[in-house]
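Asks: The following block contains a protein sequence and its predicted model.
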Amino acid sequence: MTRRDPSTLRGSIVPLVTPFTADGSFDEATYLELIEWQIDSGSHGISTLGTTGEPTSMSLDEREHVTELAAHAIGGRVPFLPGTGTNNLDDTIRLTKTAERLGADAALVLVPYHVRPSQEGLYRYFRSVADAVELPIVIYNIPGRTAVNMEPSTMARLRRDAPNVVGAKESNKDFEHVSRVLHACGRDFLVYSGIELLCYPVLAIGGAGHVSATANLLPREIARLYDLVAAGRFADALDLHYHLLPLNDVLFVETNPGPLKYALGLTGKITPVLRAPLCEPSPENQEKIRATLALYDLLPAEVPA
């Protein structure tokens, strides 16, 4: 498999859920069906084992197995961006080397959680990962989960010193921060929105795409959002942005991916099993999700709205 030029990693890169069976084991058959459905539906790329993929509930061996299965199933048809970050440097390097060996187009490396390192500590951590591989690295900045924000100046320093640090998935809700990342790192730095309501705004200021959990339910529409902006059809993209807003909101009514997995269960795509400590949404929120899916005609006929 020939790795793509990282500058081509653009568009809607779906952060795929990891389906589990009723006993909590990895549901390989459903995972392969989801990958085929995403590619057939026009997603521009596939990311595995990000936040939506529940990586912290899986062992390193499980994560390597999921990455290998996805790499073979995707087979180079669309870019592949596996999540390889942990809060342990050696484990992160191990998973990133696995992604490189399997022909991934880039690795999505999470800012280490729970530790709350300084900006110097973050620089050294990511520099060590980048130096251990030739694989392009996309920083995954999600301060709401990791309790630390990677500052634009730290990203710019990494980009200057480690040529294979090519971009960032920004799940920082501060839109000013995203502008400062592009300004500090260069307009060709690949910035993807990880916040659903910022997918359109980030594209409008020069972002490379988005990694939106909503694409698990509406892959065509989320890919179309990028396609419309790429075609200069900003008014149509804005209409789609607001059309998607109720669904984007309800999928985060509780901690992701709980609402998303419940919704995918209603549509029949997966068995909505989460691993502890995550669990299904409250009955009140289940009703909200069901009502919102009905607005988008996503409920099968046998599921009453």
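Replies: It's in.

Asks: Tell me where the stretch 151-300 of the chain has helices.
Replies: Secondary structure of the stretch 151-300 of the chain (DSSP state H, counting those that start in this stretch): helices located at 152-161, 175-185, 199-204, 219-230, 234-250, 258-267, 283-295.

Asks: Checking the residue nearest to Arg4 when sequence neighbours are not counted next. Helix, strand or coil?
Replies: Distances taken as Cβ to Cβ, 6 or more residues apart in numbering place Asp105 nearest to Arg4, at 5.0 Å, with adjacent residues excluded. Just so you know, the C-beta spots here come from the backbone N, C-alpha and C atoms, and that holds for glycine as well. Three-state call for Asp105 (DSSP: H, G, I helix; E, B strand; the rest coil): coil.

Asks: Quick one: residues contacting Asp105.
Replies: By Cβ atoms under 8 Å, 6 or more residues apart in numbering, the contact set of Asp105 is Arg3, Arg4, Pro6, Leu9, Gly45, Pro79, Phe80, Leu81, Pro136.

Asks: Restricted to strands, list those.
Replies: Gly45, Phe80, Leu81 (DSSP state E).

Asks: From the residues you listed, list the buried ones, please.
Replies: Buried subset of the ones in strands among the contacts of Asp105 (neighbour count, 16 or more other Cβ atoms under 10 Å): Gly45, Phe80, Leu81.

Asks: ok, back up a step: looking at the contacts of Asp105, which one is closest to Glu221?
Replies: Gly45 (16.0 Å; Cβ to Cβ).

Asks: Can you tell me how far the closest one is from Ser153?
Replies: 28 Å (Cβ to Cβ, to the nearest Å).

Asks: Could you do His183 as well?
Replies: Distance from His183 to Ser153, by Cβ to Cβ: 11 Å.

Asks: One more: Ile205?
Replies: Separation of Ile205 from Ser153 (Cβ to Cβ): 19 Å.
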